[in-house]
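**Q** give me coordinates for this.
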Amino acid sequence: MNPYVLATLLTSLGLRTTLTFASSHWLLAWMGLEINTLAIIPLMSQHHHPRAVEATTKYFLTQATAAAIILFASTTNAWITGDWNINDMSSPLATTLILTALALKIGLAPMHFWMPEVLQGLDLLTGLILSTWQKLAPFALIIQTAQAFDPLLLTMFGLTSTLVGGWGGLNQTQLRKVLAYSSIAHMGWMIIILQYSTQLTLLALLVYILMTSAAFFTLKLVSATKLNILSTIWSKSPIITATTALVLLSLGGLPPLTGFMPKWLILQELTKQSLPLTATMMALAALISLYFYLRLCYAMTLTISPNITTSSTPWRTRTTQASIPLALSSVTALGLLPLTPAVMALVT
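**A** Have a look, this model is predicted:
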């Protein structure tokens, strides 16, 4: 892709997400979401592969549906209340439709059906943008309107998303689909705590972005898109393989890695809110997710490929990929748990 076109699209992604952050009017927020979607469409279809075109089409239709629901719901709310303000959502019908549409935007179960198929058709860097940056603008709207949502509906969305994200990733051999179901599960953790602590939702979102960025950057470095490729990278790059295994365990929420921090704090907050059954179900769902991360780690570290590697080992050749983003995201995805008291002091 032409560098000037690429720069224009990336700038549009950044500015339109910022527009949604700063808007207090539903039309402006809707406009930011739409331009954001239109900016990523060329990035998704830039390789002109039938699978990429299929994923782009599915993404466009899904996002257009969600945008239409948002516009309809905000118009309904304005018709009833006479106000387009995002913070003034008093119509139960409008708030339910808004939550459903925003859940469709971020891939929250049961509106998750598009996420694995779309992510599977993209290259790893575009998949990283879709899994992280594209969720920021809808999440900003969810957080702004959180007080108007039905607490039972938020709880059901959170539990369903965590369970679907865990069960869906069990039999997957495509790494992008595994990361898609990982995203679905993490969205559930963020949504379920939203009604009790917005700060914990933001912390979980930040930690998720760091861990997912480290996972995508690592898989891009070793050019791994399938489970059977992971079993061959130990002989080529042992340090990167060890780092990848730890990042995946951090995504699963295994202590003493960074991914344990948001899950620990969320379970603690749910217990404080006298919801021990909900906390227990979330913890059990996290164990299901941890199982398929352990599958990936087993394939990387405890199996040896029967084939002789004929390619040059990466440490013998000079890489053209940027290693600083990988190093920073990997360090933060693995070592922030000891800083939990300081992080909590900052967010509260």
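**Q** for the helix of greatest length in the chain, name the packing helices and strands.
**A** The longest helix of the chain (DSSP state H) is helix 50-81. Helices and strands touching helix 50-81, by 3 or more C-beta pairs under 8 Å, 6 or more residues apart in numbering; DSSP states H and E, are helix 26-44, helix 92-106, helix 114-120. Every C-beta, even on glycine, is put in place using the N, C-alpha and C of the backbone.
**Q** make JSON lines out of these and add mean pLDDT, mean neighbour count and distance to residue 166.
**A** Supplementary listing: the helices and strands packed on helix 50-81 in JSON lines, determined by pLDDT from 0 to 100; neighbours: other C-beta atoms under 10 Å; distance: least, C-beta to C-beta, whole Å:
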{"stretch": "helix 26-44", "mean pLDDT": "90", "mean neighbour count": "20", "distance to residue 166": "27"}
{"stretch": "helix 92-106", "mean pLDDT": "91", "mean neighbour count": "21", "distance to residue 166": "18"}
{"stretch": "helix 114-120", "mean pLDDT": "92", "mean neighbour count": "22", "distance to residue 166": "14"}
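**Q** nearest to residue 74, of these?
**A** When those are compared by C-beta to C-beta, helix 26-44 sits nearest residue 74, at 3.6 Å.
**Q** ok, back up a step: now distance to residue 179 too, for the helices and strands packed on helix 50-81, in TSV please.
**A** Compiled in TSV, the helices and strands packed on helix 50-81 are given as follows (distance: least, C-beta to C-beta, whole Å):
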stretch	distance to residue 179
helix 26-44	16
helix 92-106	15
helix 114-120	7
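**Q** so which of those gets nearest residue 244?
**A** When the helices and strands packed on helix 50-81 are compared by C-beta to C-beta, helix 114-120 sits nearest residue 244, at 18.1 Å.
**Q** mind listing residues that contact the closest one?
**A** Residues lying outside helix 114-120 but in contact with it, judged by C-beta atoms under 8 Å, 6 or more residues apart in numbering, are 44, 51, 55, 58-59, 62, 107, 127, 130-131, 168, 172, 174, 176-177, 179-181, 183-184.
**Q** just the buried ones from these, in ChimeraX syntax?
**A** Here the buried members of the contacts of helix 114-120 are turned into a ChimeraX selection, burial being counted by 16 or more other C-beta atoms under 10 Å:
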select :44,55,58,59,62,107,127,130,131,168,172,176,177,179,180,181,183,184
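**Q** just to revisit the earlier point, of all the helices and strands packed on helix 50-81, which one comes closest to residue 193?
**A** Comparing those by their distance to residue 193 (C-beta to C-beta), the top pick is helix 92-106, with 15.2 Å.
**Q** could you check the angle helix 50-81 makes with the closest one?
**A** Per axes from the mean of the first three to the mean of the last three C-alpha atoms, to 10 degrees, the angle that helix 92-106 makes with helix 50-81 is 160 degrees.
**Q** packing partners of helix 92-106?
**A** Helix 92-106 is packed against helix 50-81, helix 136-144, helix 151-168, with contacts defined by 3+ C-beta pairs under 8 Å, 6+ apart.
**Q** can I get these in JSON lines including mean pLDDT?
**A** As requested, the helices and strands packed on helix 92-106 are arranged in JSON lines below (pLDDT from 0 to 100):
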{"stretch": "helix 50-81", "mean pLDDT": "91"}
{"stretch": "helix 136-144", "mean pLDDT": "91"}
{"stretch": "helix 151-168", "mean pLDDT": "92"}
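**Q** among the helices and strands packed on helix 50-81, which is nearest residue 340?
**A** The closest approach between residue 340 and any of the helices and strands packed on helix 50-81, judged by C-beta to C-beta, belongs to helix 92-106 at 25.6 Å.
**Q** tell me the angle of the helix or strand where residue 201 lies relative to helix 136-144?
**A** Here residue 201 is covered by helix 198-222, with elements defined by DSSP states H and E. Relative orientation of helix 198-222 with respect to helix 136-144: 160 degrees, computed using the same axes, to 10 degrees.
**Q** quick one: list the elements packing against the helix or strand just after helix 198-222.
**A** On the C-terminal side of helix 198-222, the nearest following helix or strand under DSSP H and E is helix 227-230. Contact analysis of helix 227-230 by 3+ C-beta pairs under 8 Å, 6+ apart lists helix 276-301 as its packing neighbours.
**Q** quick one: distance of the helix or strand just after the helix it packs on to the chain centre.
**A** As assigned by DSSP H and E, the chain's next helix or strand after helix 276-301 is helix 324-335. Shown here is helix 324-335, whose average C-alpha point lies 17 Å from the average C-alpha point of the whole chain (C-alpha atoms, centre = their mean, to the nearest Å).
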